[in-house]
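**Student:** Build me a structure from this.
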Amino acid sequence: MTPYKRLVCILLLTAACLSNTATYADNRSGLIKRSDYVGREDVHAFMTDLVKRHDFEMAELRRLFAGAQQQASVLEAISRPAEGKPWHEYRKIFLTKKRINGGVKFWDEHQDLLKKAEEVYGVPPEIIVAIIGVETFYGKHAGRYPVLDTLITLGFDYPPRSKFFRSELEHFLLLMREEQLDPVSLQGSYAGAMGKGQFISSSYRRYAIDFDEDGKRDLWQTDDAIGSVAHYFKRHGWTPGAQVVLQAKIRGESYKNLIKKGLKPSIESASLKHSGVLPRHGVIDEAKISLLEFELEKGHEYWLAMNNFYVITRYNHSQLYGMAVYQLSQEIKEKRAQALADKGE
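**Tutor:** Sure, this is the predicted structure:
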């Protein structure tokens with residue numbers, strides 16, 4: 001396909017995604033915006049369903065939707081996620097000196113909380129720290145998009161995942177009622193994730209905890225963010241002390257069939273040798289694993305992933321994300337241990 005034809009296809013697809021409702025041109029910015037959500041039939045049906053199933057007030061829902069504006073920047077951002085990059089580029093985003101040093105600092109500042117979380121939920125501090133480091137740079141970048149408008153935009157103007165985001169919008173409105181929060185004022189990611197640990201609304205409702213016992217589940221507050229990340233991992237099957245990954249060496253071609261089996265551990269570890277796959281160092285402790293391939297600038301590297309790695313990817317269903325979190329956690333742990341050793345602690 002020529003570059004011109006490729007551009008035409010992209011433009012046609014974009015136009016299709018944005019043709020559901022009337023648009024108007026903002027002469028000051030040149031952006032195409034979408035308005036009048038409250039007047040749309042699909043939005044009216046959604047609101048009616050919420051009133052019927054959850055006893056929302058129609059007048060309040062109409063007020064919220066009437067004030068919503070389509071977030072063009074959200075539609076643009078979700079079309080180019082970082083997880084679309086090859087591993088050697090993705091890794092550079094998160095495995096930086098600044099993020100590693102920031103993780104050591106965050107750990108030092110909240111070591112008592114992290115110790116408590118490990119004691120209660122069995123999740124090591126470095127994993128919790130790395131999650132918050134990858135998600136929001138230790139709370140410094142918790143998102144700049146209005147969550148309500150973001151979820152409305154994605155729920156009604158992003159056909160590829162509209163069902164998912166309408167469900168999240170429903171969870172968000174229920175969450176606002178349960179936690180007595182203002183739905184208009186909250187900001188988050190371009191996918192509607194919130195707080196230092198970036199929980200989507202359904203995860204906030206299911207897994208967020210009041211770790212400091214002040215009567216509120218506030219994921220913008222460090223105590224609750226740390227406790228909730230640990231609780232999330234515990235609920236998804238994190239095993240204390242178990243392996244996460246081992247780098248693998250391969251020979252032959254049979255390994256390619258193992259890679260196709262995906263993220264969830266399903267390969268009998270005892271059968272790896274027959275497929276030309278062995279750990280570079282160490283011994284596999286778990287009965288079932290997965291084999292993952294990561295693209296380098298030249299060639300690939302291969303990793304044997306255990307259940308704890310799969311648990312990391314329940315936070316973000318990407319092997320790139322899982323590996324970035326794990327490697328960042330190990331860099332932070334090593335850097336902090338060295339710093340403590342240098343101090344004689």
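
**Student:** longest strand anywhere in this protein?
**Tutor:** Longest strand in the chain, counting residues (DSSP state E): strand 288-295.

**Student:** Direction included, what does that strand pair against?
**Tutor:** strand 267-268 (antiparallel), strand 300-305 (antiparallel) (DSSP bridges).

**Student:** for the ones you listed, which one sits closest to G39?
**Tutor:** strand 300-305 (48.7 Å; CB to CB). Just so you know, the C-beta spots here come from the backbone N, C-alpha and C atoms, and that holds for glycine as well.

**Student:** And for whichever helix or strand comes after the closest one, what's in contact with it?
**Tutor:** With elements assigned by DSSP states H and E, the helix or strand that comes after strand 300-305 is helix 307-312. For helix 307-312, contacts defined as CB atoms under 8 Å, 6 or more residues apart in numbering pick out 127, 233, 236-239, 242-245, 263-265, 286, 288, 290, 321-322, 325-326.

**Student:** What sits closest to Q243 if chain neighbours are left out?
**Tutor:** M306 (4.7 Å; CB to CB, 6 or more residues apart in numbering).

**Student:** If you could redo that for E286, that was the one I meant.
**Tutor:** Counting by CB to CB, 6+ apart, the residue nearest E286 is M306, at 4.8 Å.

**Student:** go on, G195?
**Tutor:** L219 (2.7 Å).

**Student:** So that neighbour sits against M194, correct?
**Tutor:** Yes - using CB atoms under 8 Å, L219 is in contact with M194, at 6.0 Å.

**Student:** These two: which has the busier surroundings?
**Tutor:** Per other CB atoms under 10 Å, whichever of L219 and M194 has more neighbours is L219, with 27 against 24.

**Student:** give me phi/psi at that one?
**Tutor:** phi -80, psi 0 (degrees, to the nearest 10).

**Student:** Quick one: residues contacting it.
**Tutor:** Taking CB under 8 Å, 6+ apart as the criterion, L219 is in contact with 194-197, 199, 204, 208, 225, 228.

**Student:** ok, the residues you listed vs G102, which is closest?
**Tutor:** The shortest approach to G102 among the contacts of L219 belongs to K196, at 12.7 Å (CB to CB).

**Student:** Show me which residues of the host helix or strand of E76 are buried.
**Tutor:** Using DSSP H and E, E76 falls within helix 72-78. Buried residues in helix 72-78, counted by 16 or more other CB atoms under 10 Å: 72, 74-75, 78.

**Student:** do the same with stretch 304-323
**Tutor:** Applying 16+ other CB under 10 Å to stretch 304-323 flags 304-316, 318-323 as buried.

**Student:** Between the two ends of that stretch, what distance do you get?
**Tutor:** Using CA to CA, to the nearest Å, one end of stretch 304-323 lies 11 Å from the other.

**Student:** what do you get for stretch 187-206?
**Tutor:** Here the two ends of stretch 187-206 are set 20 Å apart, with distance taken as CA to CA.

**Student:** Now do it, average pLDDT.
**Tutor:** Confidence for stretch 187-206, expressed as mean pLDDT, is 98.

**Student:** For the closest residue to Y302 other than its chain neighbours, give me its contacts.
**Tutor:** Take Y302 and drop its neighbours on the chain: the residue closest to it by CB to CB, 6+ apart is A248, 4.3 Å away. Neighbouring residues of A248 by CB under 8 Å, 6+ apart: 277-280, 291, 302-304.

**Student:** okay, A248: pLDDT?
**Tutor:** A248 carries a pLDDT value of 97.

**Student:** Also G84?
**Tutor:** pLDDT recorded at G84 is 88.

**Student:** Out of the helices and strands in the protein, which is least certain?
**Tutor:** Sorted by mean pLDDT, DSSP states H and E, the helices and strands of the chain end with strand 23-25, the least confident at a mean of 30.

**Student:** Extract the C-alpha trace of stretch 89-109 and format it as CSV.
**Tutor:** The C-alpha trace of stretch 89-109 is given here as CSV (Å, rounded to 0.1, in the frame of the first residue of the first chain):
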residue,chain,number,x,y,z
GLU,A,89,11.7,1.2,22.8
TYR,A,90,9.1,0.6,25.5
ARG,A,91,11.8,-0.3,28.0
LYS,A,92,13.5,3.0,27.6
ILE,A,93,10.4,4.8,28.8
PHE,A,94,10.4,3.2,32.2
LEU,A,95,13.9,1.9,32.9
THR,A,96,15.5,5.3,33.5
LYS,A,97,17.8,6.6,36.2
LYS,A,98,15.3,9.2,37.2
ARG,A,99,12.5,6.6,37.7
ILE,A,100,14.9,4.2,39.5
ASN,A,101,16.1,6.9,41.9
GLY,A,102,12.5,8.1,42.4
GLY,A,103,11.6,4.6,43.4
VAL,A,104,14.3,4.4,46.0
LYS,A,105,13.2,7.8,47.4
PHE,A,106,9.5,6.7,47.4
TRP,A,107,10.4,3.5,49.2
ASP,A,108,12.5,5.3,51.8
GLU,A,109,9.7,7.8,52.5
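
**Student:** Understood, closing this out.
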